[in-house]
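Trainee: Pasted the sequence and its predicted model underneath.
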Amino acid sequence: MSLLTGNVGRKVLMAVSGLFMVTFVVAHLLGNSTIFVGPDWINAYAEHLKELDLLVWPFRIFMFAMLSIHVFFGITLTLENWGANPDKYAVSRRPRSTFAGRTMIWTGLLLLAFLVFHLLQFTFKITPEVVKVVDAQGRFDVYTMMVAGLRNKMVAAFYVLSMVALFLHTFHGIQSIFQSIGLNNDRTMPKFIMIGKISAVVFLVVFSAIPILILTWVLS
């Protein structure tokens, strides 16, 4: 089986790269959740990441490679599915599919656009609304930067919309990961489906809570 040309092999690559990205989202959620505790927590978290630059940048390069694999094969397989007798595909497959499954390509592209903006805003800090200040301990004030950035209603709306896309993408995608790597059977699949549903809901609620609480001045 060729991983690059075989249908099964490419799905396995998509599944493995997707699994790494889900793991990254979980880690990112845990880090971002420190904003709920207060400025000192998230600023300390960011400072610790800065101290680990020698590890963080290789990890970012690896995740970029995983993202590239996922996006490339995701688009390629979708275009092939659309081109392979689309009328028959619509009749035989669509009734058994879900809205989350049918919109994977679109939610994925929205997430890609969000990721680019998110990096420009909070990693490279080059978008207009970014506030660059330090806190009382001389650390870069990530808390103030996030509050100022997400106080913009358009940015906050895009953020929440992207989290809805993340919800749909992981709702279907997490269970698909286990199917693609051959772990699906009558006993395990209901558990994987439940893991996907719970994870998707947690991602939506926690990530969306950040801009919502900022807009409502609970976080300020």
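Mentor: Thanks, I have the structure now. No experiment lies behind these values; they were computed from the predicted model shown. Numbers count the residues shown, from 1 in each chain.

Trainee: name the element residue 60 belongs to?
Mentor: Residue 60 belongs to helix 53-83 when assigned by DSSP states H and E.

Trainee: In the protein, where is pLDDT below threshold?
Mentor: The chain contains residues with pLDDT under 70 at 1-5, 85-96.

Trainee: all helices in it, in order from the N-terminus.
Mentor: 7-32, 39-51, 53-83, 86-93, 99-102, 104-118, 142-150, 153-180, 189-215 (DSSP state H).

Trainee: re earlier: the helix holding residue 60 packs against which elements?
Mentor: The contact analysis (3 or more Cβ pairs under 8 Å, 6 or more residues apart in numbering; DSSP states H and E) places helix 53-83 against helix 7-32, helix 104-118. For every residue, glycine as well, the C-beta is placed using N, CA and C.

Trainee: is it possible to export those to a markdown table including mean neighbour count?
Mentor: Below are the helices and strands packed on helix 53-83 laid out as a markdown table (neighbours: other Cβ atoms under 10 Å):
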| stretch | mean neighbour count |
| --- | --- |
| helix 7-32 | 17 |
| helix 104-118 | 16 |
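
Trainee: Nearest to residue 136, out of the helices of the chain?
Mentor: The minimum distance between residue 136 and these falls on helix 39-51, with 9.1 Å, by Cβ to Cβ.

Trainee: Give the other helices and strands that that closest one contacts.
Mentor: Counting contacts by 3+ Cβ pairs under 8 Å, 6+ apart, helix 39-51 packs against helix 7-32, helix 142-150.

Trainee: Could you tell me the angle between it and helix 7-32?
Mentor: Going by axes from the mean of the first three to the mean of the last three Cα atoms, to 10 degrees, helix 39-51 is angled at 130 degrees with respect to helix 7-32.

Trainee: what's next to helix 39-51, contact-wise?
Mentor: With contact meaning Cβ atoms under 8 Å, 6 or more residues apart in numbering, helix 39-51 is reached by 31-32, 34-35, 56, 135, 137, 139-144, 146.
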